[in-house]
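Student: I would like to see how this sequence folds:
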Amino acid sequence: MGLFDKFKKKNELLDNEQNEEIEAPGWDAIDKLCDKVYPTQKNPKHYGAMIKWRLGGNDLLDGISVYDGGDYWHFITYGLSELYEKESEDKEWSGYGMEFTLKLKKDHYENEEDEIRCICGILQSIARITFTQGELFNAYEYLYTGQTTGIDSKGTSNITGFITIPDDKFVEINTPNGKVRFVEFIGVTDNELRAIQNKEYSVIELLEKLNTDVTSYTRSSIV
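Tutor: The predicted structure is shown next:
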């Protein structure tokens, strides 16, 4: 994936091997919400697919913006909803009706850029599940693959999977292509995921025990 500024990501899209300006009302609607949440950050980090999925590329998401939330990086995806023209027959919802978010705690990383790109890759992988299997992700669910290595770039953290909640900063919006909700992923440990699987905790109960929606690679398991 390449790094583009906010103007390029929206207006200079690769289409039939030519750059041409096209309308992106769905993208504009997400941008408008981002501007409301982070009004002083007009040019956030943005990681865009060099070749869009609809044009034969490998990345399912057209892009991921990363905002500075103070003590964390806030990731917002573009691509699970209909960013451009309306194609689906569902008039109520835009595309799959959702976009993903995640808050990664800032820390003394050996290479912070590697960790940011790693999260972008993970969000692309989760989006692939939706695109290829049709699975929708709702709030208060968990994502467990049996992975025991950390999701960080070096695979050494305790965080191996996710629970989901509604993003407290990104509310559901109406776009010209339909409604879009924002599903936030929170990194959790293998022990925590097993506790949910074994019905020792519900997702909501685990969330209350965590008392944060920020993913931290360095925290210990709470169960």
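
Student: who does residue 178 bridge with?
Tutor: Legend: beta-bridge partners of residue 178 under DSSP bridges are residue 175.

Student: SS state for residue 34?
Tutor: With DSSP: H, G, I helix; E, B strand; the rest coil as the basis, residue 34 sits in helix.

Student: mind checking how far stretch 202-221 is from the chain centre?
Tutor: Using C-alpha atoms, centre = their mean, to the nearest Å, we find the averaged C-alpha position of stretch 202-221 to lie 18 Å away from the chain's own average C-alpha position.

Student: try stretch 89-98
Tutor: Centroid displacement of stretch 89-98 relative to its chain, using C-alpha atoms, centre = their mean, is 18 Å.

Student: and what of stretch 22-35?
Tutor: Its chain's C-alpha centre lies 16 Å from the corresponding centre of stretch 22-35 when counted by C-alpha atoms, centre = their mean.

Student: from here on, call the first residue 59.
Tutor: Done: numbering now begins at 59, and the last item shifts to stretch 80-93.

Student: how about that stretch: buried residues?
Tutor: Buried positions in stretch 80-93, judged by neighbour count with 16 or more other C-beta atoms under 10 Å: 82, 84, 85, 87, 88, 89, 91, 92. Backbone N, C-alpha and C define where each C-beta goes, glycine included.

Student: what's the neighbour count on the nearest residue to residue 83 once chain neighbours are set aside?
Tutor: Computed as C-beta to C-beta, 6 or more residues apart in numbering, the closest residue to residue 83 that is not its neighbour in sequence is residue 234, at 4.1 Å. Neighbours of residue 234 under the rule other C-beta atoms under 10 Å: 13.

Student: surely residue 215 is in a helix?
Tutor: No: inclusion of residue 215 in a helix is not indicated when three-state DSSP is applied; the result is coil.

Student: can you tell me the SS state at the residue nearest to residue 248 when sequence neighbours are not counted?
Tutor: Once its chain neighbours are removed from consideration, residue 248 has its nearest residue in residue 218; the separation is 4.6 Å (C-beta to C-beta, 6+ apart). Residue 218 carries the three-state label strand when classified by three-state DSSP.
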